[in-house]
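Engineer: I would like the atomic coordinates for the input below:
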Amino acid sequence: MSTHCTSRTEEQQVATGGAHGKAILLGEHAVVYGAPAVALPLPALTCRATVRRTTGPGVSRLCLAAQGEHGAPKEAEGDVPEELLLLLRAFAERAGLDAPPALEIRLHSSVPPSRGLGSSAANARALVRALDALFGTGLDDQEIFDLVQVSEQSAHGLASGIDALATGRERPVVLTDGRPRTPSVGAGFHVVVADSGSGGGTRKAVGMLRDAFARNPDHRTRFVQRSTGFTRAALDDMAAGDLPALGRHLTDCHRMLADLGLTTDRTDALARTALDAGALGAKMSGGGLGGCVVALTATAADATSVSTALADRTGARTWTAAVAKGAGHDGP
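Structural biologist: Sure, this is the predicted structure:
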């Protein structure tokens, strides 16, 4: 859940904003061509931004505190990256400022980068929420989304918007042709997210597919149609509470993405291990070429069993999330 709070003096000096990670359940890559995609929030993976006005030179500085590979914290200080500079400029324009504000920015994130879990979108959303609180701009959901997208387009080259949405939501989100909605969930379920240990290549994968589709547009048409079919069928299964059928569609989608060259030996092995341990379905999640695998289970106990098997047999670190039964609705 995206939250923010403030600390005030006579003039507000410090504010914070929050966001969280996400996992793509279905529809990655096809979503940038208008096909539907489904993403789930990962509330256990949090990101918090703290912004402080500075009296120094009119240049913002960034400290990034992140969780390392084995859970150990690590920090890095330096210039604000280009994607967040663009966000600061866009925010300054929205806030009516003459120039981007000079700030000390601290991002504390447990969302691992380059894993397809929404790290860059979570950083951007947390920063926007903190800026909104600091300057009292009263941004609405659409304005927050638009600012996060400024950063995401710079970071990834072609961003569908699903990360910008899912990193601030409590429920699953479906994105189709840029329009979000909340899907119906007829029976609660759990997901296990397993880290392959290697960074995903979202920008590389997006470019690889774009070039391949430019050479053969028929391949793009078939991919979008197949992905759309899997996602729509899976959404029907989710609404009906038919978790075994939903799981089968996840696994079928993994095979389709593997045929495109987006999986690796490691992510294929993680998916197989999850299925062998009793997962109802498993697939790569996100950009591919590394990153993570997401596995579906019906119960928390099953999720624990799958998570334990992945850790014991492959050494992968895992995270779990619950998706509760609930009605769907249109809009954000």
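Engineer: need the helices for this structure, in chain order.
Structural biologist: In the chain, the helices defined using DSSP state H lie at 82-95, 119-135, 141-156, 162-166, 202-215, 217-240, 243-259, 265-276, 300-314.
Engineer: quick one, the longest one and helix 243-259 angle?
Structural biologist: Okay, so that is helix 217-240. 160 degrees (axes from the mean of the first three to the mean of the last three Cα atoms, to 10 degrees).
Engineer: helix 217-240 versus helix 202-215: what angle between them?
Structural biologist: Interaxial angle, helix 217-240 versus helix 202-215 (the same axes, to 10 degrees): 120 degrees.
Engineer: any buried residues in helix 217-240, and which?
Structural biologist: Within helix 217-240, the residues that qualify as buried are 220, 223-224, 226-228, 230-239, counting by 16 or more other Cβ atoms under 10 Å. Every C-beta, even on glycine, is put in place using the N, C-alpha and C of the backbone.
Engineer: right, and the helices of the chain - which one's nearest His329?
Structural biologist: Checking the helices of the chain against His329 by Cβ to Cβ gives helix 217-240 as the closest, at 12.4 Å.
Engineer: mind listing residues that contact the closest one?
Structural biologist: Residues outside helix 217-240 that contact it (Cβ atoms under 8 Å, 6 or more residues apart in numbering) are 25-27, 29-30, 33-38, 174, 183-186, 209, 212-213, 243, 245-246, 249-250, 252-253, 256, 260, 328.
Engineer: what does the pLDDT read for Gly288?
Structural biologist: pLDDT for Gly288: 84.
Engineer: roughly how far apart are the nearest residue to it once chain neighbours are set aside and Ala37?
Structural biologist: Excluding the flanking residues, the one nearest Gly288 by Cβ to Cβ, 6 or more residues apart in numbering is Leu262, at 3.3 Å. As defined by Cβ to Cβ, to the nearest Å, Leu262 lies at a distance of 14 Å from Ala37.
Engineer: Leu88 now?
Structural biologist: Here Leu88 is placed at a distance of 28 Å from Ala37 (Cβ to Cβ).
Engineer: now swap in Leu107 and tell me
Structural biologist: Where Ala37 is concerned, Leu107 sits at a distance of 26 Å (Cβ to Cβ).
Engineer: pLDDT weak spots in the stretch 51-200 of the chain?
Structural biologist: For the stretch 51-200 of the chain, the stretches flagged by pLDDT under 70 are 56-58, 66-74, 157-158, 200.
Engineer: show me what the longest strand anywhere in the chain is packed up against.
Structural biologist: Secondary structure assigned by DSSP state E gives strand 37-53 as the longest strand of the chain. Helices and strands touching strand 37-53, by 3 or more Cβ pairs under 8 Å, 6 or more residues apart in numbering; DSSP states H and E, are strand 14-26, strand 103-109, helix 119-135, helix 162-166, strand 173-176, helix 217-240, strand 318-323.
Engineer: ok now stretch 177-197, how far from the chain's centre?
Structural biologist: Stretch 177-197 sits 11 Å away from the centroid of its parent chain (Cα atoms, centre = their mean, to the nearest Å).
Engineer: buried residues in it?
Structural biologist: So stretch 177-197, judged by 16+ other Cβ under 10 Å, has buried residues 180-187, 189-197.
Engineer: just stretch 305-318 next, same as before
Structural biologist: Buried positions in stretch 305-318, judged by neighbour count with 16+ other Cβ under 10 Å: Ser305, Val306, Ser307, Ala309, Leu310, Thr314, Ala316, Arg317, Thr318.
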